[in-house]
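> A structural model of the following input is requested.
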Amino acid sequence: MPPAPLAYRGPDAIGSFFATVPAGGDLTAIRLIPARANGQPAVAAYLRDGSTAKAYGIMVLTVHAGLISEITGFADPELFPAIRPPGPGRLATPAMPVKGGSVAYDEELADRVRAVLPAAEAVTERQMFGGLAFMLGGHMFCGVIKDTLMVRLGPGGAGRALDRPHVRPMDFTGRPMKGMVFVEPEGLHGTALQNWVDAAAGYARGLPPKQPAPTGRKRR
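This next block holds a predicted model:
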């Protein structure tokens, strides 16, 4: 589930936003635990419920010159297994599995994907889901995780894709993510990679456009 890029400036706008989050913006009801996601600092948010705390969401922090310049939020507790945050009672900071000190993805496959991206459209790149994601109109539409292609096709398209060989649900959190599938390397030969990327881009074009995140890298 890609995040929705939103921006709030000024105390009134920020106050209105906090009023929409759980506990009506009462930060004393929310416990933030340090974590790591996509090779970046992050916090796992737990919402207090009486004497217990329930997983709520993950906030990934982009830091420049020692200051937080961007917060990417995922209000989905199902993503917690992907970053393995400590429970609210433990403060050890876990880390994402990495390869060569960076996000783990097959750079050769990433280059192959770049070669077949829509040439006339602004596509950006972002580290996401423990790999590399490609964004079109602000929406993640395909990416690379390890040596596997990740494509976003929508619920209907993903359902049909699962009938094809070398395709499986995108289930890195332990539960399938709706509308998204993994295509194994065996299913990416010849024109197959181009076809998958085209199908994912076609789905993204039908979504409402969003402002691309400033940390993405625009292709030239």
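> per-domain residue ranges of the protein.
11-83, 107-218 (automatic domain parsing).
> which stretch in these is the model least sure about?
Mean pLDDT is lowest for domain 11-83 among the domains of the chain, at a mean of 75.
> hmm, back to that, and among the domains of the chain, the most buried is which?
Across the domains of the chain, the average number of neighbours (mean count of other C-beta atoms under 10 Å) peaks for domain 107-218, which reaches a mean of 17. Every residue, glycine included, has its C-beta placed from N, CA and C.
> Give the partner strands of the host helix or strand of residue 46 in its sheet and their orientations.
Under the criterion of DSSP states H and E, residue 46 resides in strand 40-49. According to DSSP bridges, strand 40-49 forms sheet pairs with strand 30-37 (antiparallel), strand 52-64 (antiparallel).
> So which of those is nearest residue 190?
Closest to residue 190 of these is strand 30-37 (C-beta to C-beta; 34.6 Å).
> Export the strands paired with strand 40-49 as TSV, with columns for distance to residue 46.
Formatted as TSV, these follow (distance: least, C-beta to C-beta, whole Å):
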stretch	distance to residue 46
strand 30-37	4
strand 52-64	4
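> Which among the ones you listed is found nearest to residue 138?
Nearest to residue 138 among the strands paired with strand 40-49 is strand 52-64 (16.1 Å), distances taken as C-beta to C-beta.
> Contact partners for residue 166?
183-188 (C-beta atoms under 8 Å, 6 or more residues apart in numbering).
> Look up the closest residue to it, ignoring the ones flanking it.
Excluding the flanking residues, the one nearest residue 166 by C-beta to C-beta, 6 or more residues apart in numbering is residue 187, at 3.0 Å.
> what residues does the strand holding residue 46 touch?
Here strand 40-49 makes contact (C-beta under 8 Å, 6+ apart) with 22-23, 29-36, 53-63, 80, 83, 85-86, 88, 127.
> quick one: residue 131 and residue 150 touch, right?
Yes. Residue 131 is within contact range of residue 150, at 7.0 Å (criterion: C-beta atoms under 8 Å).
> ok, which stretches of this protein are helices?
Secondary structure of the chain (DSSP state H): helices at 11-18, 80-83, 107-115, 154-161, 192-205.
> export those helices to a markdown table and tack on distance to residue 47?
Formatted as a markdown table, those follow (distance: least, C-beta to C-beta, whole Å):
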| stretch | distance to residue 47 |
| --- | --- |
| helix 11-18 | 14 |
| helix 80-83 | 13 |
| helix 107-115 | 36 |
| helix 154-161 | 28 |
| helix 192-205 | 32 |
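> Among the ones you listed, which comes closest to residue 169?
helix 154-161 (7.9 Å).
> what residues do residue 131 and residue 150 have in common as contacts?
Here residue 131 and residue 150 have 143-144 as joint contacts, going by C-beta under 8 Å, 6+ apart.
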